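no letters, just coordinates:
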């Protein structure tokens, strides 16, 4: 018996347009625990450069807005295989990279 571990996944893989190497995996947000999803969203909305203009927007309001975008499938959760980081990206930005 081999000591190697194999992982099967049913999430779509993203491929680099230039060399066809896998670059990321879409993770259905529904598969994340409530606390994990909240952590991903909070990290995203509190990054530098995510200011909302002249008026303050509460963290809870920012989180609810991203949750709404996830529910509408405007935003997706992406696991980057190279950096091993999770990010939220607009769905339209990755649709062209999905495997056929």
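Received, thanks. Here the structure is a predicted model, which means the values were calculated and not measured.

tell me the helix or strand right after the worst-scoring helix or strand of the chain on mean pLDDT.
Least confident helix or strand of the chain, by mean pLDDT, DSSP states H and E, is strand 13-15 with a mean of 58. Next helix or strand after strand 13-15 toward the C-terminus (DSSP states H and E): strand 22-27.

run through the neighbouring helices and strands of that next one.
With contacts taken as 3 or more CB pairs under 8 Å, 6 or more residues apart in numbering; DSSP states H and E, strand 22-27 sits against strand 13-15, strand 75-80. No exception for glycine: its C-beta is placed from N, CA and C like everyone else's.

let's see it at 10 Å
Other helices and strands packing on strand 22-27, by 3 or more CB pairs under 10 Å, 6 or more residues apart in numbering; DSSP states H and E, are strand 13-15, helix 34-45, strand 75-80, strand 85-90, helix 91-94.

who touches residue 71 in this structure?
By CB atoms under 10 Å, 6 or more residues apart in numbering, the residues touching residue 71 are 29-30.

and it, backbone torsions?
Note on residue 71: its backbone torsions stand at phi -60, psi -40 [degrees, to the nearest 10].

and it, how far from residue 86?
18 Å (CB to CB, to the nearest Å).

could you do residue 55 as well?
Per CB to CB, residue 55 is found 29 Å from residue 86.

looking at the two, which has the bigger crowd around it?
Neighbour count, other CB atoms under 10 Å: between residue 55 and residue 86, residue 86 has more, with 18 against 5.

quick check: beta-bridge partners of the more buried one?
Assessed by DSSP bridges, residue 86 has beta-bridge partners residue 79.

was I right to think it contacts residue 26?
No: using CB atoms under 10 Å, residue 86 makes no contact with residue 26, being 11.0 Å away.

anything in contact with each of those two?
77-79.

any chance of those in CSV, with pLDDT too?
Below are the shared contacts of residue 86 and residue 26 laid out as CSV (pLDDT from 0 to 100):
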residue, pLDDT
77, 94
78, 92
79, 90
